[in-house]
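J.: sequence and predicted structure, then a few things I'm wondering about:
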There are 2 protein chains.
Amino acid sequence: MSKEKQVPQILSRRVVAQSRLMRVEAVDLKFSNGEQRQFERMKGSGRGAVMIVPCIDDDTLLLIREYAAGLHDYQLGFPKGLIDPGETPEEAAQRELKEEVGYGSHQLEFLMELSLAPQFFSAKMSVFVARDLYPESLPGDEPEPLEKVTWSISDINNLFAQPDFSEARSVAALLMLLRNQGEGR
Amino acid sequence: MSKEKQVPQILSRRVVAQSRLMRVEAVDLKFSNGEQRQFERMKGSGRGAVMIVPCIDDDTLLLIREYAAGLHDYQLGFPKGLIDPGETPEEAAQRELKEEVGYGSHQLEFLMELSLAPQFFSAKMSVFVARDLYPESLPGDEPEPLEKVTWSISDINNLFAQPDFSEARSVAALLMLLRNQGEGR
């Protein structure tokens, strides 16, 4: 039950598939018990990502409804995006907030770090809660304006019941926010 | 602000990269405002997935520590896996529980449905809480035995503080369980 478990040895690795945006790497691994396996993983940009939970006031959250190609449907979630080269996570969060919902925040607080299917991806996401918002927009690169949706925390069970609010990172961020503030406030 | 937003029209799609396990599809899309873009997404098997939160008793959870190739490190999380052809999600949950931690459950309850980065993936995951466990093992296909880790709910803040407990689906499942049972019980 040691936490200092020895990670498998990487015997070899190579890119086995590549498209405009995606790169798949095959990794030959030797586990500490001698077992050998080939795993595949996505080679990312190495850039981290941010997600922001914007709070309009103590009882009102702001979400976006955005097209998700994997599900070929619109999905509810919080604004998010990659960290640009040279940016801190906080700067990326402010920029994404301005690009996606047209606000900056005077009170941006770190909430948690999340990983996404770490068997395939290496990137981690920093999640922030944005309060004390002020209107400021930056042009984004979305193909269409993002639909903004406000939701009252007093009606939050209804949000969890929405079939288009299921993305694990948005759900985890919201639940952690509710837990931290004891829901009622 | 209509929920019945018209999904973009798929003008064409084709597989642009393929490896042993992964397939990347490029999709040419025309949005309802006329804007055209090419997105890329992962073509999955179409099989859904399950995750199981095993409860040894009212205060004790069971987790596994498993190698994650994307992060090239061991990560804490709950047992999970793909639904095999012909299985119901409940059957897949019982099988994964037996394969990964050596238990079946007399009381398997649906907790929530989660999606994972739906801009890239189509699959949804059904999350279950497993109580009233009994010992029963099935052989799994892991390269090494999975390390089992028990955690007391009374010490749960310490789990959230572990840097290797960050996977969004595991975090979301645990937070939802805590919320449903009011943490204290």
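T.: Cool, the structure landed.

J.: alpha carbons only for contacts and neighbour counts from here, please
T.: Will do.

J.: same for whichever helix or strand residue A:54 is part of, what does it pack against?
T.: Per DSSP states H and E, residue A:54 falls inside strand A:49-57. Counting contacts by 3 or more Cα pairs under 8 Å, 6 or more residues apart in numbering or on different chains; DSSP states H and E, strand A:49-57 is packed against strand A:60-68, strand A:80-82, helix A:89-100, strand A:124-135.

J.: most tightly packed of these?
T.: Among these, ranked by average contacts under mean count of other Cα atoms under 10 Å in any protein chain shown, first place goes to helix A:89-100 (a mean of 22).

J.: quick one: is that one near chain B?
T.: No: judged by Cα under 8 Å from any Cα of the partner chain, helix A:89-100 makes no contact with chain B; its nearest approach is 15.5 Å.

J.: can you give me phi and psi for residue A:78?
T.: phi -100, psi 160 (degrees, to the nearest 10).

J.: show me the beta-bridge partners of the residue nearest to it when sequence neighbours are not counted.
T.: The shortest distance from residue A:78 to any non-neighbouring residue, by Cα to Cα, 6 or more residues apart in numbering or on different chains, is to residue A:63 (5.0 Å). With DSSP bridges as the criterion, residue A:63 is bridged to residue A:149.

J.: from memory residue A:63 sits against residue A:80, does it?
T.: No: contact criterion Cα atoms under 8 Å: residue A:63 and residue A:80 do not qualify, at 10.6 Å.

J.: what residues go with each domain of chain A?
T.: A:9-42, A:49-180 (automatic domain parsing).

J.: please work out the average pLDDT along the first one.
T.: Model confidence over domain A:9-42, given as mean pLDDT, is 94.

J.: next, the distance between the ends of that domain.
T.: From the first residue to the last, domain A:9-42 extends over 18 Å; the measure is Cα to Cα, to the nearest Å.

J.: residues near residue A:163, how many?
T.: Burial of residue A:163 is recorded as 11 neighbouring residues (other Cα atoms under 10 Å in any protein chain shown).

J.: swap in residue A:109?
T.: For residue A:109, the neighbour count with other Cα under 10 Å is 15.

J.: how near is it to chain B?
T.: For residue A:109, the distance to chain B equals 17 Å [Cα to the nearest Cα, to the nearest Å].

J.: now tell me what touches the host helix or strand of that residue from outside.
T.: Assigned by DSSP H and E, residue A:109 falls within strand A:103-115. The contact list for strand A:103-115 (Cα atoms under 8 Å, 6 or more residues apart in numbering or on different chains) reads A:90, A:94-95, A:97-98, A:122-137, A:169, A:173, A:176-177, B:166-168.

J.: same check on stretch A:77-90?
T.: Contacts of stretch A:77-90 (Cα under 8 Å, 6+ apart): A:47-54, A:62-66, A:92-93, A:96-97, A:100-101, A:108, A:126, A:165, A:167, A:170.

J.: repeat the analysis, applying 6 Å as the threshold.
T.: For stretch A:77-90, the surrounding residues in contact (Cα atoms under 6 Å, 6 or more residues apart in numbering or on different chains) are A:47-53, A:63-64, A:92, A:170.

J.: what's the answer for stretch A:151-166, then?
T.: By Cα under 6 Å, 6+ apart, stretch A:151-166 touches A:59-61, A:75-76, B:114-115.

J.: mind running it again at 8 Å?
T.: A:59-63, A:74-77, A:171, A:183-184, B:113-115.

J.: straight-line length of that stretch, end to end?
T.: Stretch A:151-166 end-to-end distance (Cα to Cα) = 15 Å.

J.: what stretches of chain A score poorly on pLDDT?
T.: Chain A contains residues with pLDDT under 70 at A:1-4, A:183-185.

J.: surely residue A:93 and residue A:125 touch.
T.: No: the criterion here is Cα under 8 Å, and residue A:93 misses it with residue A:125 at 10.8 Å.

J.: now the common contact residues for these two.
T.: Contacts common to residue A:93 and residue A:125, judged by Cα under 8 Å, 6+ apart, are A:50-51.
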